[in-house]
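In: Here is the input, now give the coordinates:
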Amino acid sequence: MKKIDDRLHHVWRPYTQMQTEAPPLKAVRTEGAEIFLDDGRRLIDGIASWWTACHGYNHSHITNAIKLQLEKMPHVMFGGLTHEPALELGQRLANVLPGVGTDSALKHVFFCDSGSVAVEIALKMAAQYWRNNGQPERIKFICFRHAYHGDTMGAMSVCDPEEGMHSHFKGFYPEQILTALPRTQDEINNFSNFLQRERRSVAAVILEPLVQAAGGMKFHKPGVLRSIKAACKANDVLFIADEIATGFGRTGTMFACEQAEIAPDIICLGKAMTGGSISMAATAANDQIWQAFQSNHISDSFMHGPTYMANPLGCAAANACLDLFRAGDWRSQTREIEDHFSQSLEVCRSLPGVVDVRSKGAIGVVQVSDGSKLSELREYFVSEGVWVRPFGDIIYLMPPFTLTNLQLSHLTDAVSNITRLWSKL
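Out: Numbers count the residues shown, from 1 in each chain. From the prediction side, this is the model:
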């Protein structure tokens, strides 16, 4: 039996009851789409390290950019200073974000270091926008069932408190306005009327476009997203798109909003922004938002500033990641992954207890009727040579785009085999 590392009790792990859960596997290196363990095993990563390693691990173009930047300047404060990697990244993001070339362009980028903080910034930005425009009472946010936007306080407040992971903290974070995502025309009309009634207290609507990820990988159609944005515009309510999970190619387009042909007022970015190499995130806003903060009064300035914002190493990695997106291989890669998922995972639909099978871009989902035993099957995925972490009532795949056909088949075969095992429990 392998000896348990005594040092483990010093490290507090995420979402884990450490008294009962088995010790974590020890990773020693990564390469391509694989994680190598200290006992010699290698696992095909089916979830790209929480959806970050879009171009695969250790991509030489990204790691070389970080190395070069490390030799020049690993970090410098962003208050009163700037640097070339941040200037380049801000311009490049502005040139690829939804709405580019229109009045809705997201030209103004505020850097930070994690997705949750990007959401916090978006919420504060929206609330201060209305304060600066003489409507300080507009501080509430409308969010949706199955929403998940992060684990910090403001982000928790716009998550679904029942479906998500934050029911323990009810009463700690501010209460927002939670509603069902409108899908039919009648529901959309009702939502628009609801916005009209509530608008005097509402700063913004926040939504993960096309895919509500950590809330259960719930999909909605581009038309739904387009209608929500239209309702916001008609009622003079800001729209925030949380593209932390959906951005950077994951849904088959660079950003999910593109499929609805809309541009949000504010967008949150993170996860795959640096290709899984280093923590980096951003919040970008259109000119309307930006102008509300421009005046001769310091009190109108945006009052936020993460210590490591615009970290040069993160900016260098993100610029290199954008180079790889510009090359264009990801488009055919995500199409091939979506086609494979839609065909190979379909065999699970006929299994007892399987509720739904769905795919979108490089996302594949098998939803079951009872998720209480899914977490117990995680070790079986390891025995199959893959790294997959079911949660709630879903087994899902969000792998690196760079999988080989053999690796892709290995992943979906493992999901099929273990779903079949689950159906017999």
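
In: Only C-alpha atoms from now on, for both contacts and neighbour counts.
Out: Noted.

In: what about the helices in the stretch 151-300 of the chain?
Out: Secondary structure of the stretch 151-300 of the chain, counting by DSSP state H, counting those that start in this stretch: helices at 153-157, 185-198, 222-234, 287-291.

In: export these to CSV and tack on distance to I337, mean pLDDT and mean neighbour count?
Out: Output for the helices of the stretch 151-300 of the chain, formatted as CSV (distance: least, CA to CA, whole Å; pLDDT from 0 to 100; neighbours: other CA atoms under 10 Å):
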stretch, distance to I337, mean pLDDT, mean neighbour count
helix 153-157, 31, 96, 23
helix 185-198, 32, 97, 15
helix 222-234, 20, 98, 19
helix 287-291, 36, 98, 15
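
In: Of the ones you listed, give the one that comes closest to T82.
Out: helix 287-291 (18.9 Å; CA to CA).

In: Show me what the next helix or strand after that closest one is packed up against.
Out: In the C-terminal direction, the helix or strand that comes right after helix 287-291 (DSSP states H and E) is helix 312-327. Using 3 or more CA pairs under 8 Å, 6 or more residues apart in numbering; DSSP states H and E as the contact test, the elements touching helix 312-327 are helix 60-72, helix 84-94.

In: Is A256 in contact with P209, as I believe?
Out: Yes. A256 is within contact range of P209, at 5.9 Å (criterion: CA atoms under 8 Å).

In: which residues do the two both contact?
Out: Here A256 and P209 share the contacting residues 243, 246, scored by CA atoms under 8 Å, 6 or more residues apart in numbering.

In: any idea which element A118 lies in?
Out: helix 115-132.

In: Using CSV, write out the CA atom coordinates for that helix.
Out: Taking Å, rounded to 0.1, in the frame of the first residue of the first chain, the C-alpha atoms of helix 115-132 are listed here in CSV:
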residue,chain,number,x,y,z
GLY,A,115,-12.4,34.6,-12.9
SER,A,116,-14.3,35.3,-9.6
VAL,A,117,-12.5,38.6,-9.3
ALA,A,118,-13.5,39.4,-12.9
VAL,A,119,-17.1,38.9,-11.9
GLU,A,120,-16.7,41.1,-8.7
ILE,A,121,-15.2,43.8,-10.9
ALA,A,122,-18.1,43.6,-13.4
LEU,A,123,-20.7,43.9,-10.6
LYS,A,124,-18.9,46.8,-9.0
MET,A,125,-18.4,48.5,-12.4
ALA,A,126,-22.2,48.2,-13.2
ALA,A,127,-23.2,49.5,-9.8
GLN,A,128,-20.8,52.4,-9.9
TYR,A,129,-21.9,53.2,-13.5
TRP,A,130,-25.3,54.0,-12.2
ARG,A,131,-24.0,55.9,-9.1
ASN,A,132,-21.9,58.0,-11.4
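
In: what's that helix in contact with?
Out: 111-112, 136-139, 149-152, 154-155, 203-204, 238, 240, 242, 244, 266-271, 280-283, 289, 292-293, 300, 302, 304.

In: swap in stretch 346-365?
Out: With CA under 8 Å, 6+ apart, stretch 346-365 has contacts from 217, 249-252, 334-335, 337-338, 341-342, 345, 366-370, 394-399, 401, 416, 419-420, 423.

In: I'd like the average pLDDT over it.
Out: In this model, stretch 346-365 has a mean pLDDT of 97.

In: quick one, phi/psi of the most centrally placed residue in the chain?
Out: The centroid of the chain falls nearest to A245 when counting by CA atoms, centre = their mean (1.9 Å). Dihedral angles of A245 (phi, psi; degrees, to the nearest 10) stand at phi -90, psi -30.

In: Correct me if wrong: it contacts W51.
Out: Yes. Between A245 and W51 there is a contact under CA under 8 Å: 6.9 Å.

In: which neighbours do those two share?
Out: Shared contacts of A245 and W51, counting by CA under 8 Å, 6+ apart, come down to 271-272.

In: How about the secondary structure of the residue lying closest to G385 once chain neighbours are set aside?
Out: Nearest residue to G385, sequence neighbours excluded (CA to CA, 6 or more residues apart in numbering): L43, at 4.8 Å. With DSSP: H, G, I helix; E, B strand; the rest coil as the basis, L43 sits in strand.
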